[in-house]
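Novice: Got a predicted structure plus its sequence, pasted below:
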Amino acid sequence: MATGRQPISGLRAVKRDFSSSSIPPASQDSAVGDSDPTTIPWTPTPPRQTLTGISQRMKDIQDALNDNISSSQQAIVTSQMARSGGGSQKRPSNMDDSSVNPPAKRRQLPASWAEPEISIMKTSSRTFGSARSANTTTLRVAAATTSKAGSKPGKVVLSAEQTHILNLAKEGKSLFYTGSAALKRKYSRTQDAVAVTASTGIAACNIGGVTVHSFAGIGLGKDNVDALVTRIRKNKKASARWLRTEVLIIDEVSMVEGELFDKLYRIGSMMRKKSTPFGGIQVIVTGDFFQLPPVNKSGKVNFAFEAEMWKHTIKDNTFKLTKVFRQRDQEFVDMLNEMRYGQLSQRSIERFKSLDREIEYEDGVAAAELFPLRQDVDRANATRMQSLDTQVQTYTATDGGTLHDDQQREKMLNNFMVPRALSLKVGAQVMLIKNLDETLVNGSVGKIIKFADAADPEALYDPSDKKTSGTHSKPISSAKPSSKNGKEAKLTGQLMPVVDFLLPGGGMRRHMVMSESFKVELPNGEVQVSRTQLPLILAWAMSIHKSQGQTLERVKVDLAKVFEKGQAYVALSRATTLDGLEVKHFDAKKVLAHPTVVAWNQTLTTVDA
């Protein structure tokens, strides 16, 4: 098992150093690591300080650069229950033993995790895919995380491809890259010199940035360039952002229309009174154009790379990264690559068809079913909720922020994955949509076992649960309810959901979920909109659109319902393994790639390892 956090797609792992520097940014050379140029410091989550917002991020990064970071220590309670007959946690109800291909090799857990007694181990970064023994059920229970000063941060090892991209970025070059990668960048610049943005609100939340529309101050961006510049100049904060920004990062650029890219190019030149692309701002864009295309009411798709000014901005710095991190099974990787280009081999078609099965999971956590339409998602979740004969608990969000444009504010709030009103029941399947610590992360799925008072010291005890450490006198977790920022939760007496979360590689962890803050935050720390709500959504079903960027252990997709190019690829590539994937009505004709994207992709440069 790897001990370091694996890189993930897009810029979700971006960490920035906004400390002051008088060195000219474009020519500045900074080392990525102290000794190894392919490693960079990584700060474990959650942050242990009580700072918030931009101050918190600056403190985390500064600590990482100084090797002055606290490490976590986590108690892992392990219990094994031998069962007669042997059997894995999940069992397909109608699987044929003569499968097309043998199952993938299992990755073994460290020996200490298979011991029946309690063991203490140092918390490591998140890893996926460790398999349990076929004839045991292991329950991993995490106790309170505590800080221990003096330990060095973990190291994220960059591939040769990623190192090449990083070096170009450090040289001040505008560029585009696509593929499964995490670009961690180290800038010695003022805090609002680097603007981290994304095409959608969901993607912006995932990387701790804002939408590109919010950064630019252009509202919906439908007016012509002159009108948009006039609007920006009336907005002192938006004007200041354009003048101070040295680096503009745009994630999920695949959903940015070419017309909008051209407008941003010209706005930058006009606002900064320079004829250079974007007025001299370094532009770094990333995304996968094989995924969902830009939303256009006219139905005609105009990709960002088709923009008139794309070539002037990015020039020849367009790169295709080939290293895949989400999927470890090479067979699955090869199948997804064929699907990406819309060119499936007969072998892959037969293998996908073999996944038309019902998988029953003994822990009761079902696969998340992905739908192309939101109404289908709402209908599926509502049906499952109604089938539960338990009392409803409803949680209403608190919204805030400095944005006063009602239309834009409402649109940004609607882009949050977390709803304004969240209704839950005991037995409901839910997904965590915010990283809480090293094991409870965005995408973790579990079931609500009860609602409890946060002030109750025995809130996490369950004497009737025999899946604990073997003694009913010990709680599943001894930690007091807390939020991501490390502050002890306010004990208000309100009933909060207690969830048994499925852990990567097997086992469960019980946790009382408290409210978290979701923000759209500008580079200078100003919070445009915020929503405080439980970081949960119902997870029997979710939309393909909202799943983009997620990593799911268990996925179910009915391809009879997809209709857009890229939908099948996005849905099936959310899964980490073939073992956790159910595919209904597989039809190779539904696997479509946009021919314009296929042709353009052939022109991209592959970095030599």
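Specialist: Sure thing, it's come through.

Novice: Next up, identify which helix or strand the closest residue to R233 other than its chain neighbours is on.
Specialist: Counting by Cβ to Cβ, 6 or more residues apart in numbering, the nearest residue to R233 once its immediate chain neighbours are dropped is S239, at 5.7 Å. C-beta: built from backbone N, CA, C; applies to glycine. In this structure, S239 is located in helix 236-244 according to DSSP states H and E.

Novice: Same question for that helix: list its buried residues.
Specialist: Applying a neighbour-count criterion of 16 or more other Cβ atoms under 10 Å, the buried positions in helix 236-244 are 238, 241-242.

Novice: what's the following helix or strand after that helix?
Specialist: Moving toward the C-terminus from helix 236-244, the first helix or strand encountered (DSSP H and E) is strand 247-251.

Novice: Only the C-alpha atoms, please, for that following strand, written as PDB.
Specialist: Presented in PDB, the C-alpha positions along strand 247-251 are these (Å, rounded to 0.1, in the frame of the first residue of the first chain):
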ATOM      1  CA  VAL A 247      -1.500  33.700 -13.000                       C
ATOM      2  CA  LEU A 248      -5.000  32.600 -14.000                       C
ATOM      3  CA  ILE A 249      -5.800  28.900 -13.500                       C
ATOM      4  CA  ILE A 250      -8.900  27.500 -15.100                       C
ATOM      5  CA  ASP A 251     -10.000  24.000 -14.200                       C
END
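
Novice: so what secondary structure elements neighbour that strand?
Specialist: Packing partners of strand 247-251 (3 or more Cβ pairs under 8 Å, 6 or more residues apart in numbering; DSSP states H and E): strand 194-198, helix 201-207, strand 282-286.

Novice: in its sheet, what does the last one sit against?
Specialist: With DSSP bridges as the criterion, the sheet partners recorded for strand 282-286 are strand 175-178 (parallel), strand 247-251 (parallel).

Novice: I'd like those strands as a markdown table, with distance to G505 appended.
Specialist: As requested, the strands paired with strand 282-286 are exported to a markdown table (distance: least, Cβ to Cβ, whole Å):
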| stretch | distance to G505 |
| --- | --- |
| strand 175-178 | 29 |
| strand 247-251 | 28 |
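
Novice: Out of those strands, indicate the one that is most buried.
Specialist: For those, average neighbour numbers computed from mean count of other Cβ atoms under 10 Å are highest in strand 247-251, which has a mean of 25.

Novice: and the angle from it to helix 236-244?
Specialist: Here strand 247-251 runs at an angle of 110 degrees relative to helix 236-244 (axes from the mean of the first three to the mean of the last three Cα atoms, to 10 degrees).

Novice: average pLDDT for strand 247-251?
Specialist: Looking at strand 247-251 alone, the average pLDDT works out to 93.

Novice: what element comes up after it heading to the C-terminus?
Specialist: Taking DSSP H and E as the definition, the helix or strand right after strand 247-251 is helix 258-272.

Novice: ok so, going back, dump the helix holding S239 to CSV, restricted to CA.
Specialist: As requested, C-alpha coordinates have been extracted for helix 236-244 and formatted as CSV (Å, rounded to 0.1, in the frame of the first residue of the first chain):
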residue,chain,number,x,y,z
LYS,A,236,-13.6,48.2,-8.1
LYS,A,237,-13.0,44.7,-6.7
ALA,A,238,-13.2,43.1,-10.1
SER,A,239,-11.0,45.7,-11.7
ALA,A,240,-8.4,45.2,-9.0
ARG,A,241,-8.4,41.4,-9.6
TRP,A,242,-7.7,41.9,-13.3
LEU,A,243,-4.8,44.3,-12.5
ARG,A,244,-3.2,42.3,-9.7
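
Novice: Pull the contacting residues for F352.
Specialist: For F352, the contacting residues are 335, 344, 572, 583, 586, taking Cβ atoms under 8 Å, 6 or more residues apart in numbering as the criterion.

Novice: and it, that's in a strand?
Specialist: No - checked against DSSP: H, G, I helix; E, B strand; the rest coil, F352 lies outside a strand; its state is helix.

Novice: sorry, back to before: show me what the helix holding S239 packs onto, helices and strands only.
Specialist: In terms of contacts (3+ Cβ pairs under 8 Å, 6+ apart), helix 236-244 is packed against helix 212-216, helix 225-233, helix 258-272.

Novice: which stretch among these comes nearest S530?
Specialist: Each of these was checked against S530 via Cβ to Cβ, and the shortest separation belongs to helix 212-216, namely 13.0 Å.

Novice: which residues are in contact with the closest one?
Specialist: The contact list for helix 212-216, computed with Cβ under 8 Å, 6+ apart, reads 195, 197-199, 204, 219-221, 228, 232, 238, 241-242, 248, 250, 256, 260, 264, 267, 408, 412, 520, 522-523, 528.

Novice: T605: neighbour count?
Specialist: Each residue near T605 was counted by other Cβ atoms under 10 Å, and the total is 12.
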